[in-house]
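Novice: model this:
(chains A and B)
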Amino acid sequence: SQTIHQWPATLVQPVGSPLSLECTVEGTSNPNLYWYRQAAGRGLQLLFYSVGIGQISSEVPQNLSASRPQDRQFILSSKKLLLSDSGFYLCAWNRVGASGYTFGSGTRLTVV
Amino acid sequence: AQSVTQPDIHITVSEGASLELRCNYSYGATPYLFWYVQSPGQGLQLLLKYFSGDTLVQGIKGFEAEFKRSQSSFNLRKPSVHWSDAAEYFCAVGAGANNLFFGTGTRLTVIP
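Specialist: Modelled structure (predicted):
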């Protein structure tokens, strides 16, 4: 069966520090991969999605970047965190051509 | 453009009472519709989805939703709420793999 792993679960980082959040999917190949952010009291905002290795689409301009170095690995990064980067980050996947996602358990990022 | 509206930010119901969470969408074609639930600090879990066919959809945990094209709605219902149903609920609409749009969520509180 397919599983999605996301880590760390919680992270507290100072302003200006770098960020790396990792997401991996098991039990499938060539998944579509997504990064969402959920700010406090707000809905889900799609940040990036990827349909293949090295293929990244950005939905909103921001202080973050994403990379897909391997088929089932999706990384969210920042060179210098801002206070506004705080939030709950969710990784998700689905099969090519399918609708609906399976979500990871999320990472709570607090920038201080 | 696609959009999803969940007009109720927060709903409080008594345990055992019935529940209806509202969702209205805007989409140019027949959409795929979803309801997800998010427990505190967790990722999102799919409750149910509608693609086509019977407009009354049954999901997990005793939830159901009805697609009403004339009202552009996809309201989530449960006849008798349990304390464990306290969570945040998200409605989503999409027509393909990479354009799933989420509402801002409805937080459900269950009182004994």
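Novice: which residues of chain A lie near chain B?
Specialist: For chain A, the contact set with chain B under C-beta under 8 Å from any C-beta of the partner chain comprises A:6, A:32, A:42-44, A:46, A:49, A:51, A:57, A:90, A:92, A:94-106, A:108. (Glycine included, C-beta is placed from N, CA and C.)
Novice: what sits against residue 68?
Specialist: All of this refers to chain A. Applying C-beta atoms under 8 Å, 6 or more residues apart in numbering or on different chains, one finds that A:R68 lies in contact with A:L33, A:S50, A:G52, A:I53, A:G54, A:Q55, A:I56, A:F74, A:I75.
Novice: if you could check chain B rather than the one you did, that'd help
Specialist: In this structure, B:K68 makes contact with B:T55, B:F74, B:N75, judged by C-beta under 8 Å, 6+ apart.
Novice: what about the nearest residue to B:S18 once chain neighbours are set aside, distance to B:L33?
Specialist: Setting aside the residues directly before and after it, B:S18 is nearest to B:P79 in space (C-beta to C-beta, 6 or more residues apart in numbering or on different chains), at 5.4 Å. To B:L33, B:P79 is 20 Å away according to C-beta to C-beta, to the nearest Å.
Novice: please apply the same query to B:E15.
Specialist: In this view, B:E15 and B:L33 are 28 Å apart by C-beta to C-beta.
Novice: which of these two has more neighbours?
Specialist: Per other C-beta atoms under 10 Å in any protein chain shown, whichever of B:E15 and B:L33 has more neighbours is B:L33, with 24 against 14.
Novice: and the more buried one, what are its bridge partners?
Specialist: Taking DSSP bridges, one obtains B:Y50, B:V93 as the residues bridged to B:L33.
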